[in-house]
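Q: here is a sequence with its predicted model. Questions after.
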Amino acid sequence: MYFILDLGNTNKKMAVLPAGKLRPEAFSGIDQTIESFPEISLQAVQEFTRRYPYIEACIISSVIPFPASISAWIRERFRYIEFDHNTALPVTNRYHSPGTLGKDRLAAAVAGASVYPRQHVLVINAGTAITYDIVTSGGEYIGGAISPGMQMRFRALHTFTKQLPLLTYTEIDFLTGTDTDKSVLSGVINGMTAEMEGMIAFYRKEYPEIRIILSGGDLNYFVNRLKISIFALPNIVIYGLQQILAFNDKNPL
């Protein structure tokens, strides 16, 4: 078994997944082994791993400082890597500034290439930000785009104006807002939908056979709104980290 830690600014996730290369249909059935935590600690890691006695190797991806005791404890027990821009990958990274590339973007791109090998694939990760990342049919990650996510848009409208309210997602079925709340909801939700569909259309002009994957914390808000054939894959970053660990676990870590 593989132990995976994805430590983000907002969410800290721990997961245990099967070792070796994992097919996407298998991954979609084991989300119950993925847990989110508000904070990370050595005690939380110890309690989580105690439930899974057959862990062989571990990967940590973190954008935040975390206690050195965690990596020291893990290193004593499992084969271990800490994911960074120098980690070997099953795709070729063509990004011009790899040191500044978000680890979540790169892991999601690896997952996308695994779901659709030898095909052009665009991964849309709708979370704090919306990221668009493309891997070519030749297995090359070439970059993508970043735009504000849903909560960032709601908060920006409230913060940078004097009278607009701070809203959150509400299911809507209209285009034209007939009051201020509805106008904000339409602008944010319909605007994000139009942005995603527009970005997909732009990429399809360049790569007509491109495959589309949608993931992220706001996945469920948009999976049925997009009138485009997509593959929905929750927890795509966890899946990508599992694939990176499997690629590196061919040899001792």
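A: Here it is on my side, so go on. Since this is a predicted model, take the numbers as computed values, not measurements. Residues are numbered from 1 along each chain as shown.

Q: please count neighbours and contacts with C-alpha atoms only from this point.
A: Will do.

Q: residue 118 touches residue 139, doesn't it?
A: Yes: Residue 118 lies in contact with residue 139 (Cα atoms under 8 Å); the separation is 6.6 Å.

Q: compare neighbour counts for the two and give me the winner.
A: residue 139 (21 against 14; other Cα atoms under 10 Å).

Q: do you know how far that one is from residue 110?
A: 9 Å (Cα to Cα, to the nearest Å).

Q: what is in contact with the two at once?
A: 90-91 (Cα atoms under 8 Å, 6 or more residues apart in numbering).

Q: from the chain's centre, how far out does stretch 44-56 sit?
A: The chain centre lies 23 Å from the centre of stretch 44-56; the measure is Cα atoms, centre = their mean, to the nearest Å.

Q: may I see the buried residues of that stretch?
A: 45, 49, 55 (16 or more other Cα atoms under 10 Å).

Q: can you check stretch 196-210 too?
A: 196, 200, 203-204, 207, 210.

Q: got it, and stretch 3-11?
A: For stretch 3-11, by 16+ other Cα under 10 Å, it's 3-8.

Q: got the end-to-end distance for it?
A: 17 Å.

Q: same question, stretch 42-62
A: 15 Å.

Q: so which bits of stretch 220-228 are buried?
A: 221-223.

Q: actually stretch 174-189, not the one I typed
A: Of the residues in stretch 174-189, those buried (16+ other Cα under 10 Å) are 182, 184-189.

Q: low-scoring stretches of this structure, by residue?
A: 24-32, 250-253 (pLDDT under 70).

Q: what's the longest helix in it?
A: Taking DSSP state H as the criterion, the chain has its longest helix at helix 191-206.

Q: which ones are touching residue 246?
A: Residue 246 makes contact with 19-21 under the criterion Cα under 8 Å, 6+ apart.

Q: re the thing from before, distance to residue 132 and secondary structure added to the buried residues of stretch 3-11, as TSV?
A: Compiled in TSV, these are given as follows (distance: Cα to Cα, whole Å; DSSP: H, G, I helix; E, B strand; the rest coil):
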residue	distance to residue 132	secondary structure
3	27	strand
4	23	strand
5	23	strand
6	19	strand
7	21	strand
8	18	coil
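
Q: so which of these comes closest to residue 74?
A: Checking the buried residues of stretch 3-11 against residue 74 with Cα to Cα, the nearest one is residue 3 at 9.7 Å.

Q: quick check: which element contains residue 125?
A: strand 121-126 (DSSP states H and E).

Q: mind listing what's buried in the following helix or strand past that strand?
A: The C-terminal neighbour of strand 121-126 among helices and strands, as given by DSSP H and E, is strand 129-135. By 16+ other Cα under 10 Å, the buried positions in strand 129-135 come out as 129-135.
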